[in-house]
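**Student:** sequence and predicted structure, then a few things I'm wondering about:
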Amino acid sequence: MASAAKKKTVRTIPQQRTAMPQRDPKERARNFSEVACGYRLEDALNEAERCLLCPDPACVAGCPVSIDIPGFIRRISARDFRGAYDTITATNLLPAICGRVCPQESQCEGVCPVGETLEPVAIGHLERWVGDLAIAEGWASVPAIEPNGFKVGIVGAGPAGMACAADLAKAGCEVTVYEAFHEPGGVLKYGIPDFRLPNAVIDAEIANLRKLGVKFECNTLVGRLFTLEQMRDEMGFHAVFVGTGAGYPSMMGIPGESLNGVLSANELLTRCNLMRAREFPRYDTPLPLGGRVAVIGAGNTAMDALRVCLRLGAEKVHCSYRRSRAESPARAEELRHAEEEGIDFHWLTNPLEILGDGQGRVRGMRCIRMALGEPDASGRPRPVPVPASEFEFAADMVVYAIGTHANPIIGQTSKLKLDQRGYIEADEDLATSMAGVFAGGDIVTGAATVIEAMGAGRKAARSMTAYLGLRGGRPGAGRLFGIDLDEHNFARLRAA
Amino acid sequence: MYEIVAREDFSAATFLLEVHHPLMARAARPGQFVIVMAHALGERIPLTLADFDAAKGTVTLVVQAVGKTTREMQQNCKVGAAVHALVGPMGVPSRVAAAGKVACVGGGLGVAPMFPQARAFKQSGAYVIGIVGFRSRDLVFWEDKFRSCCDELILCTNDGSAGMKGMTTDGVRVALERHPDLGELVAIGPPVMMKACAEATRARGIRTVVSVNPIMVDGTGMCGGCRVKVGGQVKFACVEGPDFDGHQVDFDDLMARLTRFASEEQAALKRWSESCRMKAPAAPPEEPLELPDPFEEVAGG
């Protein structure tokens, strides 16, 4: 038995973290194939050996969804791969996605004790390997679900909505996810490019949600086709989760922004990823690309935009950021990949004006050099302009990747209480001002990460099961506090 | 998939599609628009609703075949066929309040979507002056529908073959002369027409509402492609419009931004006209799942 196995220590495990094969920067920068190729079996077995199987694992506490990490790694070592998959999917239904896009360095791997002396166990790589294997083998984690009679509506088929849907479906609720686009996936589909997260992986994970009984209704703009109030009062939803994201792109407000050739990173990425403009003219959506592209901003979205432009064939791709490399909010891996691929970074550079060619098209940017000053409200050094340091550089296209605002549609069409910036107000249980309506992800917190949105979706699912009177996924009665749910509205439920 | 239940061809270029969508038929309000994706490889195009009928459970779109996508729709969107995606109603509904006398101006693509507004104004008790423009008599459509909800209809044709000879803006001039007490003007059509309407009412300070139709991808406030300058501020037409104060809209900026993809649009149309005139759009190929074989034991790569 496992208990008889010799105890592993930092000295006895493989000392080197198993590297994941990656495509060569020169080759990969011109196509959309996934950059990180994934572990092979021997890689996974080797890396699994590096886990100390701590009895009181810090990594589990570091995971926003508390995956039993030593549990699944132990099963990889025992070559019980299906068991490893079942262990992960007990708490995270989307391992192939999370293994790719979670910032593991600041979560599970950041607290791994192996990391105190060596490089931490590559938990994310192992999770992805298990997730990919499950897709290849057609495994699905479909527990026995006993319907509890509750009907739940989810607004937005992005990471928050998908995670929330998974948990509520497992708890026995009848779950319908509404999505405005023609395909589910949200930012995973329109935002994150294939070379980081292939669409096929997202579709496979969505297929798993369907196997749990989750229904996806696309082409449905909640708020305009029907309102939250109608979902609750007329459509029979006992609870609703809103995860509409913060997709409204910010502009800088500098001269020249309406020139043709200036666009948001959201537009660029949506055209390329969801609408497949990169296969124009086979697909109808166009995306003309200038020879020289300048992307403003240095977060993850900026990294995606930069690398997409490179792959679409831009000659030169510039990144301008008003702070320095150390303050870039991008994942370390994304920044490194962008540098490897030949992106031209202009740190401490702030655009003042976008210059036109006299025909309404972009010809360049006028910028100013910045220097780091005293710390600002975010704790980072405030960038201040260097006097008389203005300069111009040529660009045929300018992409804004400087952040996003709250999407306004739910606010326009419901009585949900919003904060001053338009985000939905939610309490610590993610309950909103409307009884039975919960919200989470970017539409509550402002722009954040995929896994944080998934964490919020799962947290909301817990609050919703509690609200509906269910316990931990066990089948509940069709009554709450002794009240027949078909006969009473939410306000009365809450009052009770 | 959304089924096309009726179609009517008004002319060689303009056609009407009635699409089955009971929920949207019930939710739609004048001034709102939809986004249509004709087939799985298609682009998303915004179209202002031309009508909606809650009893029949249908919404009506009037399309002008001008580019690759709309010509392809003209060829393929037959009764019994379906469009791949149809989402809406989108945008803030038009403000329809009894305004005394209202001029409802529709030109080109804007004639059909003006109808629901004219009808709504009539229902709210306004005196409705309809002003619609066509190039010539054989292109005229919906004259009876407009007559049914307008107290006065000024029909304009460029060649004078029907109604008065002149452009829509000439009709506006007539209406302004006839009705010194005009309370409001709403205009839907090409930007240059809406600009001329706004200029015609500016001096008299008549409330003037225009419905802009810029390039969009999602229609939900996410891509920012539809941004327009209104009173010096940037607005997203999809979620803050499509109706704006015509006296505040920067039409030159709007017109310039409509040319963003002009060369790609021309190239796509040319390619389509030459190569696949009679072919139905190909089904999207199965996306191969490009994952490494997790059981691959060979070292390397």
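**Tutor:** Here it is on my side, so go on. As the structure is a computational prediction, the values presented were derived from the model and not from experiment.
**Student:** in the stretch 1-150 of chain B, which spans are helices?
**Tutor:** Ranges of helices within the stretch 1-150 of chain B are B:22-27, B:68-76, B:111-123, B:143-149, based on DSSP state H, counting those that start in this stretch.
**Student:** show me what from the stretch 101-250 of chain A comes close to chain B.
**Tutor:** Within the stretch 101-250 of chain A, the residues that sit near chain B (C-beta under 8 Å from any C-beta of the partner chain) are A:129, A:132-133, A:135-136, A:180-182, A:190, A:198-201, A:203-204, A:218-221, A:224-226, A:247-249. Quick note: C-beta positions are derived from backbone N, CA and C, even for glycine.
**Student:** looking at these, which are in helices?
**Tutor:** Using DSSP state H, the subset of those located in helices is A:129, A:132-133, A:135-136, A:190, A:199-201, A:203-204.
**Student:** now do stretch B:192-202: everything it contacts.
**Tutor:** Contacts to stretch B:192-202, defined as C-beta atoms under 8 Å, 6 or more residues apart in numbering or on different chains, come from residues B:105, B:107-108, B:110, B:133, B:167-169, B:172-173, B:176, B:182, B:185, B:187-188, B:208, B:210-212, B:246-247, B:249, B:251, B:255.
**Student:** for it, the distance to its chain's centre please.
**Tutor:** 18 Å (C-alpha atoms, centre = their mean, to the nearest Å).
**Student:** next, count neighbours for residue A:261.
**Tutor:** Residues contacting residue A:261 under the criterion other C-beta atoms under 10 Å in any protein chain shown number 23.
**Student:** coming back round to it: including pLDDT, could the ones in helices among the residues of the stretch 101-250 of chain A next to chain B go into a markdown table?
**Tutor:** Putting those into a markdown table (pLDDT from 0 to 100) gives the following:
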| residue | pLDDT |
| --- | --- |
| A:129 | 96 |
| A:132 | 93 |
| A:133 | 94 |
| A:135 | 90 |
| A:136 | 90 |
| A:190 | 92 |
| A:199 | 88 |
| A:200 | 88 |
| A:201 | 89 |
| A:203 | 91 |
| A:204 | 89 |
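**Student:** ranking those residues by neighbours, who comes first?
**Tutor:** Going by other C-beta under 10 Å, residue A:129 tops those with 29 neighbours.
**Student:** for it, which residues are in contact?
**Tutor:** A:38-39, A:43-44, A:76, A:99, B:294.
**Student:** now residue A:437
**Tutor:** A:228, A:232, A:239-242, A:416, A:431.
**Student:** adding pLDDT and neighbour count, write the residues you listed out as JSON lines.
**Tutor:** Output for the contacts of residue A:437, formatted as JSON lines (pLDDT from 0 to 100; neighbours: other C-beta atoms under 10 Å in any protein chain shown):
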{"residue": "A:228", "pLDDT": "93", "neighbour count": "24"}
{"residue": "A:232", "pLDDT": "90", "neighbour count": "22"}
{"residue": "A:239", "pLDDT": "95", "neighbour count": "27"}
{"residue": "A:240", "pLDDT": "96", "neighbour count": "25"}
{"residue": "A:241", "pLDDT": "97", "neighbour count": "31"}
{"residue": "A:242", "pLDDT": "95", "neighbour count": "31"}
{"residue": "A:416", "pLDDT": "92", "neighbour count": "20"}
{"residue": "A:431", "pLDDT": "92", "neighbour count": "21"}
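**Student:** can you lay out the residues you listed as a markdown table showing secondary structure and distance to residue B:202?
**Tutor:** Formatted as a markdown table, the contacts of residue A:437 follow (DSSP: H, G, I helix; E, B strand; the rest coil; distance: C-beta to C-beta, whole Å):
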| residue | secondary structure | distance to residue B:202 |
| --- | --- | --- |
| A:228 | helix | 40 |
| A:232 | helix | 45 |
| A:239 | strand | 51 |
| A:240 | strand | 46 |
| A:241 | strand | 48 |
| A:242 | strand | 42 |
| A:416 | coil | 39 |
| A:431 | strand | 50 |
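**Student:** which single one of those residues is nearest to residue A:67?
**Tutor:** Ranked by distance to residue A:67 (C-beta to C-beta), the contacts of residue A:437 are led by residue A:241 at 21.9 Å.
**Student:** do I have it right that that closest one meets residue A:162?
**Tutor:** No - Residue A:241 is beyond contact range of residue A:162, at 10.8 Å (criterion: C-beta atoms under 8 Å).
**Student:** please enumerate the shared neighbours of these two.
**Tutor:** Joint contacts of residue A:241 and residue A:162 (C-beta under 8 Å, 6+ apart) are residue A:457.
**Student:** touching, residue A:126 and residue A:45? I think so.
**Tutor:** No - contact criterion C-beta under 8 Å: residue A:126 and residue A:45 do not qualify, at 10.0 Å.
**Student:** between those two, which one's more packed in?
**Tutor:** Here residue A:126 and residue A:45 are compared on neighbour count by other C-beta under 10 Å; more neighbours surround residue A:126, at 27 against 16.
**Student:** correct me if wrong, but the more buried one is in a strand.
**Tutor:** No - using DSSP: H, G, I helix; E, B strand; the rest coil, the assignment for residue A:126 is helix, not a strand.
**Student:** can you read off the pLDDT for it?
**Tutor:** We have a pLDDT of 96 for residue A:126.
**Student:** what does the stretch 51-200 of chain B have sitting close to chain A?
**Tutor:** Checking the stretch 51-200 of chain B against chain A by C-beta under 8 Å from any C-beta, the hits are B:68-69, B:84-92.
**Student:** could I get those residues as JSON lines with pLDDT and neighbour count?
**Tutor:** Formatted as JSON lines, those follow (pLDDT from 0 to 100; neighbours: other C-beta under 10 Å):
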{"residue": "B:68", "pLDDT": "86", "neighbour count": "22"}
{"residue": "B:69", "pLDDT": "89", "neighbour count": "24"}
{"residue": "B:84", "pLDDT": "94", "neighbour count": "17"}
{"residue": "B:85", "pLDDT": "94", "neighbour count": "21"}
{"residue": "B:86", "pLDDT": "95", "neighbour count": "23"}
{"residue": "B:87", "pLDDT": "95", "neighbour count": "26"}
{"residue": "B:88", "pLDDT": "87", "neighbour count": "27"}
{"residue": "B:89", "pLDDT": "95", "neighbour count": "25"}
{"residue": "B:90", "pLDDT": "95", "neighbour count": "29"}
{"residue": "B:91", "pLDDT": "94", "neighbour count": "26"}
{"residue": "B:92", "pLDDT": "94", "neighbour count": "21"}
